[in-house]
Structure formats: C-alpha cells, structure tokens
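Undergrad: sequence-free structure coming up:
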C-alpha cells in the first residue's frame, strides 16, 4: 500500500499545542542497545523481559512492569497530557504468531500490585474475535467486518483505576487506513476526577472518550510498543516473534508530554527519559539478547515550539 500523507488537525488547548500537516517520514533504525549516534536518554536504557511469565486466566492478572515493552518513558515529574501520531502497520493486525504489539501513549501510576493508567493507541483486533489481547485483565470483543473492522486493527482507550479491572473501548479501523497515522492523546482534567482521550483517524473521524477516575497522580508518561498480552501460540509468555531480518513495527510521531504544572515538551523535556528495550530475559546485552528497541529520538518536522526529539521508530531484531 503506498505511503500516504496524514493531515491531522487537532487543537489541544489543555496542552497548548496545535497539530498541523505531517508527512509520515521513514524512521532511522536504532543500533543494538545504544543511542550514541542520536538522542541519549537523560535516564537509562531499561531492559524489559520479552519472555516474562504471566498469570491467568485471564492472561496477566497482575502488573508486569518489566514485561515486553519497547519505547520511551518519562518520569521524575507528574504528568497530565500525552500524545502521538502512531503509524498503523501496513498489514492486517495479528494476535497469533507472529503477534503484533499494542502501540500507545499513556499516563501511568501503576505500582507493584495495582494497575493505574490511561492508555490510548492502536491494537491488533481481528474482526469478531474475543479475548484478552489489548490490555491485561480485561477481555474485549473486536468489532466485526460489518462494523468496519476490515484491517484487523482497532483504536482503543483503556483506563485502569486502582483496584478496578481496566475499562476498554475499541473503535474499528478500515483497511484503507493501514500505513497511515492515528493521532491519539490523553488528558487528565484538573480536578483529577476524569481522563479525556481523543482519537483521530486518517479520514478525520474522531472518537472522544471520558472515563471517571479517583484522583491519581500520574508519575510516568509513556510511548511504547507492548507485547504484554501477545501470547504467542498459547504460550505462557509474550515471546514476540523474532523476525528473519530487522523490521520496523511502527513509528511514533508528533510526540508531546505535559506536566501537571503545565510544562510542555516533546518526548524529551525537563524530566527523566528512559529508553525501554525488549530483551530475551529483561537484562541488556550482553547478558540478554535484544529483541525490540526504539530508535533514537529524532525531529519529525512538525515544529512544536522549535523542539525536536518528537519521533521514533520501534524495531524488532533476529537473535
């Protein structure tokens, strides 16, 4: 499918940003467990375990913070806003081997035994299939072909409040949109009593959701590819499929994070930024084997207040 240019117009008063026309540029590949040729995280490189054990049923009933993710995480401040334009992979979404990851931005305050987050992004969800494969702990039924789910991908919102199973909403994505970008964002209202999310498809169709919450203080903002629920072939671990050659799963563009006191940035800003890498055992090479990695952060040209570091690709590697 030819690459198209996505025009995403969305005024974000809460974060003080305006989105304008964007061409989907190709992402540079990340080098194995180093970002030395580009952006260097202010925090650390963090290994996440692509073969983490899971509990069920349903799959993964407790948090697994070190489980199968690749991307960037901001911390050291409290956050109220996260945004990205996420590229829909140019193939039908798959929940079996090879299973695609969920791709999202998030406001997060999860602990050792409790999920507490709002995630908004895209996920593989074949037409009419039901199961736990978007977020841990909650089963969904994917929209049907009749409902417009011709791509096997959905846009989703998932909100988990402390002690309560995640609430998930899904919206179908037509096949014609594969290869284009979906603009997503999450905003914690000042009262702390709800989170508002917006999803804008390439066609301009917009979905707005508001979910009630109980006043969390989100200590992390994230933009990640996540294999936590991608149980390959019924296995008891995510085990993202290892490709024959290096492949790009997706890319995140127009990245924006905003702190609770209104400090704005891209994925980079006056906070700690950790790069999350999926490895065979949760430790970085040479102890672990690299499976998934974000590229270094780069500038996609959207010109948000002259800031760069607002885009990256997520890649998977052969052993």
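TA: The structure has been received and is ready for your questions. Model, not experiment: these values are computed from the prediction. Residues are numbered from 1 along each chain as shown.
Undergrad: going by C-alpha atoms from here, please, whenever you check contacts or count neighbours.
TA: Noted.
Undergrad: what's the biggest strand in this protein, counting residues?
TA: Counting by DSSP state E, the longest strand found in the chain is strand 247-259.
Undergrad: from the chain's centroid, how far away is the helix or strand just after that strand?
TA: On the C-terminal side of strand 247-259, the closest following helix or strand by DSSP states H and E is strand 264-265. In this view, strand 264-265 has its centroid 18 Å away from the chain centroid, taken as CA atoms, centre = their mean, to the nearest Å.
Undergrad: next: stretch 267-287.
TA: Chain-centre distance of stretch 267-287: 15 Å, with CA atoms, centre = their mean.
Undergrad: how long is it end to end?
TA: The straight-line separation of the ends of stretch 267-287 (CA to CA, to the nearest Å) is 28 Å.
Undergrad: could you do stretch 116-135 as well?
TA: 12 Å.
Undergrad: list the buried residues of that stretch.
TA: Buried residues in stretch 116-135, counted by 16 or more other CA atoms under 10 Å: 116-127, 132-135.
Undergrad: ok, so of those residues, who is nearest residue 84?
TA: Nearest to residue 84 out of those is residue 121 (CA to CA; 8.6 Å).
Undergrad: any idea how far the closest one is from residue 136?
TA: Going from residue 121 to residue 136 by CA to CA gives 15 Å.
Undergrad: likewise for residue 92?
TA: Here the criterion is CA to CA. By it, residue 92 lies 22 Å from residue 136.
Undergrad: what about the two, which has more around it?
TA: Ranked by neighbour count (other CA atoms under 10 Å), residue 92 and residue 136 place residue 136 first, with 22 against 16.
Undergrad: hmm, residue 228 and the more buried one touching each other?
TA: Yes. Applying CA atoms under 8 Å as the test, residue 136 and residue 228 come out as touching, 7.5 Å apart.
Undergrad: just the strands in the stretch 151-300 of the chain please.
TA: Along the stretch 151-300 of the chain, counting by DSSP state E, counting those that start in this stretch, strands occupy 153-160, 167-172, 181-188, 194-200, 206-212, 220-226, 247-259, 264-265, 272-279, 290-294.
Undergrad: ok now the fourth one, how far from the chain's centre?
TA: Centroid displacement of strand 194-200 relative to its chain, using CA atoms, centre = their mean, is 15 Å.
Undergrad: other residues contacting that strand?
TA: When contacts are defined by CA atoms under 8 Å, 6 or more residues apart in numbering, strand 194-200 is touched by residues 8, 118, 120-121, 155, 157, 182-189, 206-215.
Undergrad: low-scoring stretches of the stretch 101-250 of the chain, by residue?
TA: Within the stretch 101-250 of the chain, the stretches with pLDDT under 70 are 112-113, 163, 231-239, 241.
Undergrad: find the nearest non-adjacent residue to residue 66, please.
TA: Once flanking residues are discounted, residue 66 sits nearest to residue 48: 4.6 Å by CA to CA, 6 or more residues apart in numbering.
Undergrad: mind listing what the one you found touches?
TA: 66-70, 276-279, 281-283.
Undergrad: would you format the residues you listed as CSV with neighbour count, distance to residue 173 and pLDDT included?
TA: Below are those laid out as CSV (neighbours: other CA atoms under 10 Å; distance: CA to CA, whole Å; pLDDT from 0 to 100):
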residue, neighbour count, distance to residue 173, pLDDT
66, 19, 30, 71
67, 25, 27, 79
68, 33, 25, 83
69, 30, 23, 89
70, 31, 23, 92
276, 26, 28, 92
277, 32, 28, 90
278, 34, 27, 87
279, 30, 30, 86
281, 21, 34, 83
282, 23, 33, 83
283, 19, 36, 85
